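Participant: here you go, sequence then predicted model.
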Amino acid sequence: MHPITSAFADATPDVNTMQVQHFVEERPWAIVIVVALVLIGLAIGGGRYRGRPDQLDSRRRFTDAQRREGSRRAGDGRCEHKLPMWVRCRKTGTHADHIYPHSRGGQTTLSNLQMLCPHHNLAKSDKIPSALYVWRLERRRTRYFPAGVSPKVEWRRGRTW
Ligand SMILES: [Zn+2]
């Protein structure tokens, strides 16, 4: 390679690196913001598009026994939904919901079931919940689930968010 071209090729990455270093030294908070945005993005969107429609549970409807147990562990059959910064919904959870939608590969098992009132079930539809949504649900459940019942959400055996 021609010496001048070679020197230029070598110099280019250094200039870029120096520019980045300079930018960060001037604005150390920029790194914090970028990291925070990436983490928020992962929390909000992390659970999306993981399901495979070709691996659907052959059974879509929860059994009566599963519904009864879902109601019992939810505490007086109450809806398990809670808005951010708000109290838990006070309506009765009459609908057994696949937390991870059946249409995206979520199993029809107790570990993937939550009780919702008709309004919140309709609002959730077949959306795949975010990791943040599931984390909040599991945390709430430790307060109202009976002792010995796992609050863990598993949408397919051994698979969580
Ligand atoms: Zn509700």
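Facilitator: That came through, no problem. If you're wondering where the values come from, they're calculated on a predicted model, not measured in any experiment. Numbering: from 1, shown residues only.
Participant: mind listing the helices for this structure?
Facilitator: Counting by DSSP state H, one finds helices in the chain at the ranges 3-26, 28-45, 64-73, 118-124, 131-144.
Participant: what is the neighbour count of Arg59?
Facilitator: Applying other Cβ atoms under 10 Å, we find 11 residues neighbouring Arg59. Yep, even glycine has a C-beta here, placed from its N, CA and C like the rest.
Participant: got a list of what Arg157 touches?
Facilitator: Gln107 (Cβ atoms under 8 Å, 6 or more residues apart in numbering).
Participant: for it, give its distance to the ion.
Facilitator: 28 Å (Cβ to the ion, to the nearest Å).
Participant: picking up where we left off before, would you format the helices of the chain as CSV with distance to Lys82, mean neighbour count and mean pLDDT included?
Facilitator: Converted to CSV, the helices of the chain look like this (distance: least, Cβ to Cβ, whole Å; neighbours: other Cβ atoms under 10 Å; pLDDT from 0 to 100):
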stretch, distance to Lys82, mean neighbour count, mean pLDDT
helix 3-26, 39, 10, 65
helix 28-45, 17, 11, 72
helix 64-73, 16, 15, 97
helix 118-124, 10, 15, 95
helix 131-144, 6, 15, 95
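Participant: quick one: closest of those to Lys91.
Facilitator: Among the helices of the chain, helix 118-124 comes nearest to Lys91, with 7.1 Å by Cβ to Cβ.
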